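1. here is my input; please provide its structure:
(2 chains)
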Amino acid sequence: MRLSQLFTKTSKTVPADEQAINAKLLIQAGFIHKEMAGVYAYLPLGLKVLDNIKQIVREEMNAIGGQEVMMTVLQPRELFEKTDRWDDKKVDNWFKTKLDNGSELGLGFTHEEPIVNTLSSYVNSYKDLPIFVYQIQTKFRNEKRAKSGLLRGREFIMKDMYSLARTPAEHDELYERAATAYTKVYDRLGIGDITYRTAADGGVFTKKFSDEFQTLSPLGEDTIYLDEAKRLAINNEIYTDANLVKLGLDKSKLVEKRAVEVGNIFPLETKYTNALGVYYTDKNGQQQPIIMGCYGIGISRLMGVLAEHFADNKGLVWPKNIAPAQIYLIGIGDVVKDTTGLYEKLQQQGIEVLYDDRDVHPGQKFADSELMGIPYRVTLSEKTLSQNKVELTNRSSGEIKLLTADELVARL
RNA sequence: CGGGAUGUGGCGCAGUUGGUAGCGCGCACGGCUGGGGGCCGUGAGGCCGCAAGUUCAAGUCUUGUCAUCCCGACCA
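-> The predicted model follows:
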């Protein structure tokens, strides 16, 4: 992409009404646009980042057998009344609206009911189970207080997956399989080392714990106690001696930390399947309950967490697999022909390049390449070309190398 | 929802004891410059969040309201 064609611009100043680093940098770099508190639009570069995160999550969900769908945002009142989650006293963060004929609707804040409802058309036999179904979709929650940029929004993007199993043992196997996939996701996103599986409250309908995936951050809303050796933590909300025993955690080895919940997996048991009357028939022709689990990852929240984590005093520092482009290409002086030639060559190799072809000073291009956090900056000038080379600068390490164009391509 | 702070061109800000709005960035045009957000000149752009009120006169005072951020509560 040529920067002269990109409609967004970077800003020298940071928005005064944002406190969170992720919001400041992402807005300053032109990745997102704030529409209102907790509601952000994704601009071309921000959308690329978001899509890269989605793709990693998608690949890992597919790897454990997840089947992707897309449910609806509009939800009928009747469906949620069956599980007693329509009443504002039970669920206080619905955005509700009406059809022209007066029928009440809600904007989906979660999708257990519609997923089960949809699957009820297809799941009848023990032969149809087990399954994982997931979607990546915008969720709406009328939060009393949106905060911290992308970390807590009223409209946000979530990957939510649901498992249906025949037996408790089968459910447990699916559940652990999903947990492993989650660990892989956070590893691939580069935050595996600071993300901990954390035991948390399982909700009102199960005696089991749920598992949160908590990423250490000063912005975190949760307090967790973690065992570094076991890479296991317990959420402050269930931090009791009895629970420590259940989890096999030793109080003296735990460290208190603030963390952001970047994923949460729940055993749902038969709450939704039973409430909606969805069962399967076993080998003996007997109707049996279906055991369910649900597995969430806040995609847009993750983007905020990553922006917050991968940043320095010059701006964003995206990992390669998340960055909106691999190379930020700059020509200094009268080297347009060579620079454009390299741009085309890199493009032919399928390498994502941001070509800064604007008529601005080099310093501004350098500053923008750093603010946007593109992993590599490639600079051409008369000086480098006189040696038949280009300059490769690593955004995160600052390391500079002089390479020929062929060496550059080979290296990427 | 309780507490605190802030609302002035696209962004960041100034605006004195009330007297009819200014700076920097950005933008447009011209010129210079060209390895770290450079320089000179010209110009466009604002119902001072909104609504009432006080006053001869309100960006400035009063009340209300809306919005944004932060702390707390909440987060199935």
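
2. use CA for all of it now, contacts and neighbours both
-> OK.

3. can you list the weak-confidence ranges in chain A?
-> For chain A, the stretches with pLDDT under 70 are A:204-206.

4. okay, now residue A:284: neighbour count?
-> Residue A:284 has 6 neighbours, counted by other Cα atoms under 10 Å.

5. need the three-state assignment for it.
-> coil (DSSP: H, G, I helix; E, B strand; the rest coil).

6. any idea how far it lies from RNA strand B?
-> Distance, residue A:284 to RNA strand B, using Cα to the nearest atom of the strand, to the nearest Å: 34 Å.

7. quick one: stretch A:1-11 to chain centroid distance?
-> In terms of Cα atoms, centre = their mean, to the nearest Å, the centre of stretch A:1-11 is found 25 Å from the chain centre.

8. for RNA strand B, give me its nearest residue in the stretch 301-412 of chain A.
-> residue A:363 (2.8 Å; Cα to the nearest atom of the strand).

9. count the residues that sit near that residue.
-> The burial count for residue A:363: 9, using other Cα under 10 Å.

10. got the end-to-end distance for stretch A:108-115?
-> Stretch A:108-115 has an end-to-end distance of 12 Å (Cα to Cα, to the nearest Å).

11. what of stretch A:30-40?
-> 12 Å.

12. do that stretch and RNA strand B come into contact?
-> Yes. Interface with RNA strand B: stretch A:30-40 contributes A:36-38 (Cα under 7 Å from any atom of the strand).

13. which of those residues are buried, as a ChimeraX select command?
-> This is the ChimeraX syntax for the buried subset of the residues of stretch A:30-40 next to RNA strand B, where burial follows 16 or more other Cα atoms under 10 Å:
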select /A:37,38
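
14. between the residues of stretch A:30-40 next to RNA strand B, which sits nearest residue A:181?
-> Closest approach between the residues of stretch A:30-40 next to RNA strand B and residue A:181, by Cα to Cα: residue A:38, at 28.6 Å.

15. distance of the closest one relative to residue A:143?
-> The value you get for residue A:38 to residue A:143, if Cα to Cα is used, is 9 Å.

16. as JSON lines, the residues of stretch A:30-40 next to RNA strand B with secondary structure would be great.
-> What follows is those, written out as JSON lines (three-state DSSP):
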{"residue": "A:36", "secondary structure": "strand"}
{"residue": "A:37", "secondary structure": "coil"}
{"residue": "A:38", "secondary structure": "coil"}
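
17. may I see the residues of stretch A:30-40 next to RNA strand B organised as JSON lines, with distance to residue A:107 added?
-> Below are the residues of stretch A:30-40 next to RNA strand B laid out as JSON lines (distance: Cα to Cα, whole Å):
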{"residue": "A:36", "distance to residue A:107": "18"}
{"residue": "A:37", "distance to residue A:107": "18"}
{"residue": "A:38", "distance to residue A:107": "16"}
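
18. which residues are contacting stretch A:180-197?
-> Contact partners of stretch A:180-197, identified using Cα atoms under 8 Å, 6 or more residues apart in numbering, comprise A:53, A:56-57, A:60-61, A:64, A:211-216, A:226, A:231-233, A:263, A:306, A:319, A:321-322.

19. among these, name the buried ones.
-> Here, 16+ other Cα under 10 Å leaves A:53, A:56-57, A:60-61, A:211-216, A:226, A:232-233, A:263, A:306, A:319, A:321-322 buried among the contacts of stretch A:180-197.

20. which of these fall within helices?
-> In helices, judged by DSSP state H, the following of the buried ones among the contacts of stretch A:180-197 are found: A:53, A:56-57, A:60-61, A:306.

21. what's the most distant pair in those residues?
-> Checking those with Cα to Cα, the most distant pair is A:61 and A:306, at 20.0 Å.

22. close to RNA strand B: what parts of the stretch 301-412 of chain A are there?
-> Counting by Cα under 7 Å from any atom of the strand, the stretch 301-412 of chain A sits next to RNA strand B at A:332-333, A:359-368, A:370-371, A:379-384, A:391.

23. tell me who's in contact with the most far-flung residue of chain A relative to its centre.
-> Here chain A reaches farthest from its C-alpha mean at residue A:386, the gap being 44.7 Å by Cα atoms, centre = their mean. By Cα under 8 Å, 6+ apart, the contact list for residue A:386 is empty.

24. what's the answer for residue A:108, then?
-> A:72-75, A:94, A:139-140.

25. and the gap between the nearest residue to residue A:37 once chain neighbours are set aside and residue A:305?
-> Among residues not flanking residue A:37 along the chain, residue A:146 sits closest, at 6.2 Å (Cα to Cα, 6 or more residues apart in numbering). As for residue A:146, its distance to residue A:305 is 15 Å (criterion: Cα to Cα).
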